[in-house]
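Novice: What shape does this take:
(2 chains)
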Amino acid sequence: KAGVTQTPRYLIKTRGQQVTLSCSPISGHRSVSWYQQTPGQGLQFLFEYFSETQRNKGNFPGRFSGRQFSNSRSEMNVSTLELGDSALYLCASSTTGGSSYEQYFGPGTRLTVT
Amino acid sequence: GDSVTQMEGPVTLSEEAFLTINCTYTATGYPSLFWYVQYPGEGLQLLLKATKADDKGSNKGFEATYRKETTSFHLEKGSVQVSDSAVYFCAFGAGSYQLTFGKGTKLSVIP
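Specialist: Numbering: from 1, shown residues only, chains lettered A, B, ... in the order given. Next comes the predicted model:
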């Protein structure tokens, strides 16, 4: 079974621009979560989607948004990029997303904001 | 609030040495506990998990036991290899559709 795929793998953007990242979950998985990883803050939860509905959102500004499509694929968008948005963005999928279910991570998208 | 505390790294060990990475958590409710590993340039891989008190998760020679009384989930391996060099993350899930992670512990194993 193919793993979680994320595109693009690397991205360089300028302050003020916006960016869209894509995630395709493992086949059959309906829950998709997004995390931001930085050296200073570690891994921080952004949001989780299940059947096209956002069920939980982390403590990030409204510039960070996401959505999920009917085929469970997900996108996240960051508008008006800031230097501090430079990070590795990780997508994870699981069967239903309950707390006892393991999440499977993709390789991440490395975003650099200049 | 909810949080995970891991021992600070980096940790450097010789091949075949014993490994312990301490992890304690603060969570409401009754969380499930996980250890993830991240190799350079890659995403996180699930290493092992435990979902109830006294459960022992194990995989690839790594073990961790869910200790509810001490709110701990320490990772151990009896004999590390160079290929175990990576960053290890302790995490829990507590019913809110998200995982809460520790800061990670970088392990370097030298031949």
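Novice: Just the element for residue B:96, please.
Specialist: Residue B:96 belongs to no helix or strand when assigned by DSSP states H and E.
Novice: The nearest residue to it once chain neighbours are set aside - how many residues pack around it?
Specialist: Distances taken as Cβ to Cβ, 6 or more residues apart in numbering or on different chains place residue A:56 nearest to residue B:96, at 5.5 Å, with adjacent residues excluded. Every C-beta, even on glycine, is put in place using the N, C-alpha and C of the backbone. Residue A:56 has 15 neighbours, counted by other Cβ atoms under 10 Å in any protein chain shown.
Novice: Which helix or strand lies directly C-terminal to the host helix or strand of residue A:56?
Specialist: Residue A:56 belongs to strand A:53-57 when assigned by DSSP H and E. Next in sequence after strand A:53-57, counting helices and strands by DSSP H and E, comes strand A:64-68.
Novice: returning to what we had before: quick one: the strand holding residue A:56 to chain centroid distance?
Specialist: 12 Å (Cα atoms, centre = their mean, to the nearest Å).
Novice: can you check stretch A:56-73 too?
Specialist: Worked out by Cα atoms, centre = their mean, stretch A:56-73 lies 7 Å from the chain centre.
Novice: Any buried residues in it, and which?
Specialist: A:57, A:60, A:64, A:65, A:66, A:68, A:72 (16 or more other Cβ atoms under 10 Å in any protein chain shown).
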